[in-house]
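**Q** What follows is a predicted structure for the sequence shown.
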Amino acid sequence: MPETEKTHAELAVKIEAMHKWYGQFHVLKNINLQVRRGERIVICGPSGSGKSTMIRCINRLEEHQQGDIIVDGVELTNDLKNIETIRKEVGMVFQHFNLFPHLTVLENCTLAPIWVRKSPKAEAVATAMEYLERVQIPEQAHKFPGQLSGGQQQRVAIARSLCMNPRIMLFDEPTSALDPEMIKEVLDVMVELAQEGMTMLCVTHEMGFAKTVANRVIFMDEGEIIEENSPDQFFDHPEHERTKLFLSQILSH
Amino acid sequence: MSEAAHAAMARRNPLARLWNDKESRQVIIQIISFVLIFAFFFMMVRNAVINLEAIGKDISLKFLWQPSSYDINQSLIEYSSRSSHFRAMIVGILNTLLVAVFGIALATILGFLLGISRLSKNWIINKMAYVYIEYVRNVPVLLHILLVHGMIINLLPLPRASLTIGDGAFLNNRGFFVPKPDFEPLFLAVAALFLGGVAFAFWFRKYARMVQDQSGKHYPVFWICLAAVAGVPLLAYFVLGAPITWEIPELQGFNYKGGMVLRPEFIALWLALSIYTAAFIGEIVRAGISAVDWGQNEAASALGITRGRTLHLVVIPQALRIIVPPLTSQYLNLTKNSSLAIAIGYMDIVATIGGISLNQTGREMECMALVLALYLVFSLLISAFMNWYNRRIKLVER
């Protein structure tokens, strides 16, 4: 089916009529989302709206119970091989960094390339140093995560993901656990990544970041996508009442 | 310090001033504690010396070289009733070490299995481990020892009706009798191959690491090492026509003679200590693995690292640093609990030098001091080793 393959290849992520429950609780309701290659999506919404859960479904850290998720042309099912394939291509950055505390910064970055991509060590180290330079902390390579500041740790986490050469990057509130003065250094790295054409899905409340880099902003509430628009339209002319309320709350101070 | 504070301090008398100063108070407390402790021990020793003098006894270790005049049913070295008390003590030490080493090994294996089972999503495995742990750790270890010993003595058949395992092993209420190997010269070749295999395995692990670093190629290191250490020597053993003759135990009179025997006392103590300690180790392992942040698993999964590799590369190294300190305590407990051997007549340190030798010579001060010192040395050695291991795997924090 060359036809479908082509459409799949153009679409980095395709979610169709996806539902998810935690027991009785309906967390995600009828999610439909298409992300083209190179597109940058910002997802926002009040806490508990299901935005993190949604992007965690994309690399199967969470299972969905209904509907389809197709990532990079591969459908997510219980097929473990498919899940592995997708995880190799999809990088993720977490709110709490989740660096491996028993490994040095460099070892954090080379672990997956060595054991998953099976690259030679010298090659993995060279790639890691390249990315550590891009996030501007090559001098920390031989320190342990516990010795770095929050902002530095999050930049290492981004470099660690990039070392796998992912085609899609997921960011799950990457700056929410950071002190204000460290948010900028992480956002700078993300903006640069966006400018290079990486496909990105970011859950964030950094509205400045959304205005600068997003192609589309998605607003979620109570497990549903309420509104989906270009940043200009979204911030200046929000359509839905709930969006207006949310924006007034986060932009008021 | 403000003027007022200075003035307030100056008004007090010099002693009160010393006592109220933070640094000098610490020094004073230390001096007082030291004097009290020293005085206490001085009193104890003086008391002992005076009392021993009153009944005409001295403190001397000369009795150690007198013949012991008693038999020991399990000995790793040559021993008879004509040997010295010192030799009896060595026999006791070796017996304690034997059961401690085997106990620690079995308890660790069982404990890790239990800990992992307690985390299993499989309902049956999980609940079986739960029931085991809750039953075993809530019953005193002495009862476990008596129970296992009682089961061996009362439930296993008499020698005449022994359970036969394979061709030459017999299990009855006098122990577990197994054939004793008698090595022929050709066996040297098998032994050499085994040693060569071990050396090869060490070398191959390094080599595989090097190849992986250079080219990214992964060898199945575990299977190749297993083949080198076990496979090749086993093959050679059969190719060379099995160059071992087995001395098979035979029923003579009321019991088996020949071969090797694991005595019921040893089996009972070994199994009971292992079963009991494993329950605690299981909980320690479970706690250690659970304590590793779930985010670590998620981060590894998101990078595409498989479940097994995640355990080996990410979770276990972090869990070990939580597991090791309490695991050390369990090893120490097991070693010290082995002194309950006396309940079933296993001839350990307490039963030999701290028991029969003490009774026969009347040297209770010396014997108890020796027993105490020996346990102390064993425990400190285990602690030292485990602390060294713990330092090696410790996390580097800021």
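**A** Received, thanks.
**Q** Next, name the residue at the spatial heart of chain A.
**A** A:Leu170 (1.3 Å; C-alpha atoms, centre = their mean).
**Q** For that one, give its distance to A:Cys57.
**A** Applying C-beta to C-beta, to the nearest Å, the value for A:Leu170 to A:Cys57 is 10 Å. The way it works is simple: take the backbone N, C-alpha and C, and place the C-beta from them, glycine included.
**Q** Can you name the residues of the stretch 151-300 of chain B that neighbour chain A?
**A** Within reach of chain A by C-beta under 8 Å from any C-beta of the partner chain, the stretch 151-300 of chain B has these residues: B:212-218, B:293, B:295-296, B:298-300.
**Q** now do 7 Å
**A** Counting by C-beta under 7 Å from any C-beta of the partner chain, the positions of the stretch 151-300 of chain B adjacent to chain A are B:Asp213, B:Gln214, B:Ser215, B:Gly216, B:His218, B:Gly295, B:Gln296, B:Glu298, B:Ala299.
**Q** C-terminal to the lowest-mean-pLDDT helix or strand in chain A, what's the next element?
**A** Least confident helix or strand, chain A: helix A:2-10 with a mean of 51, by mean pLDDT, DSSP states H and E. Next along the chain after helix A:2-10, taking DSSP states H and E as the criterion, comes strand A:11-22.
**Q** so where's chain A uncertain?
**A** Counting by pLDDT under 70, the ranges of chain A that qualify are A:1-9, A:252-253.
**Q** Would you mind naming what in it lies close to chain B?
**A** Chain A comes close to chain B at residues A:59, A:61, A:84, A:87-88, A:92, A:94, A:96, A:98, A:100-102, A:111-112, A:115-116, A:118-121, A:144, A:146-147, A:164, as judged by C-beta under 7 Å from any C-beta.
**Q** Out of the residues you listed, which end up buried?
**A** For the residues of chain A next to chain B, a burial check counting by 16 or more other C-beta atoms under 10 Å in any protein chain shown picks out A:59, A:61, A:87-88, A:92, A:94, A:96, A:98, A:100-102, A:111-112, A:115-116, A:119-121, A:144, A:164.
**Q** Which ones among the residues you listed map onto helices?
**A** A:Arg87, A:Lys88, A:Leu111, A:Ala112, A:Trp115, A:Lys121 (DSSP state H).
**Q** For A:Asn108, give me its contacts.
**A** Counting by C-beta atoms under 7 Å, 6 or more residues apart in numbering or on different chains, A:Asn108 touches A:Leu99, A:Phe100, A:Pro145, A:Val156, A:Arg160.
**Q** Just give me how far stretch A:84-102 sits from the chain centre.
**A** Taking C-alpha atoms, centre = their mean, to the nearest Å, one finds stretch A:84-102 lying 10 Å from the centre of the chain it belongs to.
**Q** Lowest pLDDT pick from the residues of the stretch 151-300 of chain B next to chain A?
**A** Looking at these, model confidence by pLDDT dips furthest at B:Gly216: 78.
**Q** That residue contacts A:Val116, doesn't it?
**A** No - contact criterion C-beta atoms under 7 Å: B:Gly216 and A:Val116 do not qualify, at 10.7 Å.
**Q** ok, how many other residues are close to B:Ile90?
**A** For B:Ile90, the number of neighbouring residues by other C-beta atoms under 10 Å in any protein chain shown comes to 19.
**Q** Where does it fall, secondary structure wise?
**A** helix B:85-118.
**Q** Packing partners of the following helix or strand past that helix?
**A** Later in the chain than helix B:85-118, the nearest helix or strand by DSSP H and E is helix B:123-137. Applying 3 or more C-beta pairs under 7 Å, 6 or more residues apart in numbering or on different chains; DSSP states H and E, we find helix B:123-137 packed against helix B:85-118, helix B:264-291.
**Q** Would you mind giving those helices as JSON lines with distance to B:Asp21 and mean pLDDT added?
**A** Shown next, in JSON lines, are the helices and strands packed on helix B:123-137 (distance: least, C-beta to C-beta, whole Å; pLDDT from 0 to 100):
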{"stretch": "helix B:85-118", "distance to B:Asp21": "50", "mean pLDDT": "94"}
{"stretch": "helix B:264-291", "distance to B:Asp21": "43", "mean pLDDT": "95"}
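**Q** Where does A:Asp68 sit: helix, strand or coil?
**A** Following DSSP: H, G, I helix; E, B strand; the rest coil, the label given to A:Asp68 is strand.
**Q** Relative to chain B, how far out is the closest residue to it other than its chain neighbours?
**A** Computed as C-beta to C-beta, 6 or more residues apart in numbering or on different chains, the closest residue to A:Asp68 that is not its neighbour in sequence is A:Glu16, at 4.7 Å. The spacing between A:Glu16 and chain B, counted by C-beta to the nearest C-beta, to the nearest Å, is 23 Å.
**Q** go on, A:Glu10?
**A** Note on A:Glu10: its distance to chain B, by C-beta to the nearest C-beta, is 24 Å.
**Q** so that residue touches A:Arg37, yeah?
**A** Yes - A:Glu10 lies in contact with A:Arg37 (C-beta under 7 Å); the separation is 6.2 Å.
**Q** which one of these two has more residues nearby?
**A** Ranked by neighbour count (other C-beta under 10 Å), A:Glu10 and A:Arg37 place A:Arg37 first, with 15 against 12.
**Q** Ranking by neighbours, what's the top pick from the contacts of A:Asn108?
**A** Top of these by neighbour count (other C-beta under 10 Å): A:Arg160, with 30 neighbours.
**Q** contacting residues for that one?
**A** When contacts are counted by C-beta under 7 Å, 6+ apart, A:Arg160 touches A:Asn108, A:Cys109.
**Q** what helix or strand is it on?
**A** Going by DSSP H and E, A:Arg160 is part of helix A:150-162.
**Q** Just after that helix, pick out the following helix or strand.
**A** Past helix A:150-162, the next helix or strand by DSSP H and E is strand A:168-172.
**Q** Could you please name the strands that following strand pairs with and the direction of each pair?
**A** Taking DSSP bridges as the criterion, strand A:168-172 forms sheet pairs with strand A:90-93 (parallel), strand A:199-203 (parallel).
**Q** okay, and for the stretch 1-150 of chain B, where does confidence drop off?
**A** For the stretch 1-150 of chain B, the stretches with pLDDT under 70 are B:1-2, B:9.
**Q** cutoff 50 now
**A** Of all residues in the stretch 1-150 of chain B, none has pLDDT under 50.
**Q** Repeat that for the stretch 251-398 of chain B.
**A** Scanning the stretch 251-398 of chain B for pLDDT under 50 picks out B:398.
**Q** about what we covered before: deepest in the core, which of the helices and strands packed on helix B:123-137 is it.
**A** Highest mean neighbour count of these: helix B:264-291, a mean of 22 (counted as mean count of other C-beta atoms under 10 Å in any protein chain shown).
**Q** Off-centre distance for that one?
**A** 11 Å.
**Q** now the angle from it to helix B:123-137?
**A** 120 degrees (axes from the mean of the first three to the mean of the last three C-alpha atoms, to 10 degrees).
**Q** mind listing what's buried in the helix or strand that helix B:264-291 is followed by?
**A** Using DSSP H and E, the next helix or strand after helix B:264-291 towards the C-terminus is helix B:294-302. Of the residues in helix B:294-302, B:Gln296, B:Asn297, B:Glu298, B:Ala299, B:Ala300, B:Ser301, B:Ala302 count as buried by neighbour count, 16+ other C-beta under 10 Å.
**Q** same check, this time on stretch A:156-176
**A** Applying 16+ other C-beta under 10 Å to stretch A:156-176 flags A:156-164, A:166-175 as buried.
**Q** and what of stretch A:72-85?
**A** Using 16+ other C-beta under 10 Å as the test for burial, stretch A:72-85 gives A:Asp72, A:Gly73, A:Val74, A:Leu76, A:Ile83, A:Thr85.
**Q** where's the second one relative to chain B, distance?
**A** Read it as A:Gly73. Distance from A:Gly73 to chain B, by C-beta to the nearest C-beta: 17 Å.
**Q** same deal with the first one?
**A** Separation of A:Asp72 from chain B (C-beta to the nearest C-beta) stands at 13 Å.
**Q** Check the third one too.
**A** From A:Val74 across to chain B, the span is 13 Å (C-beta to the nearest C-beta).
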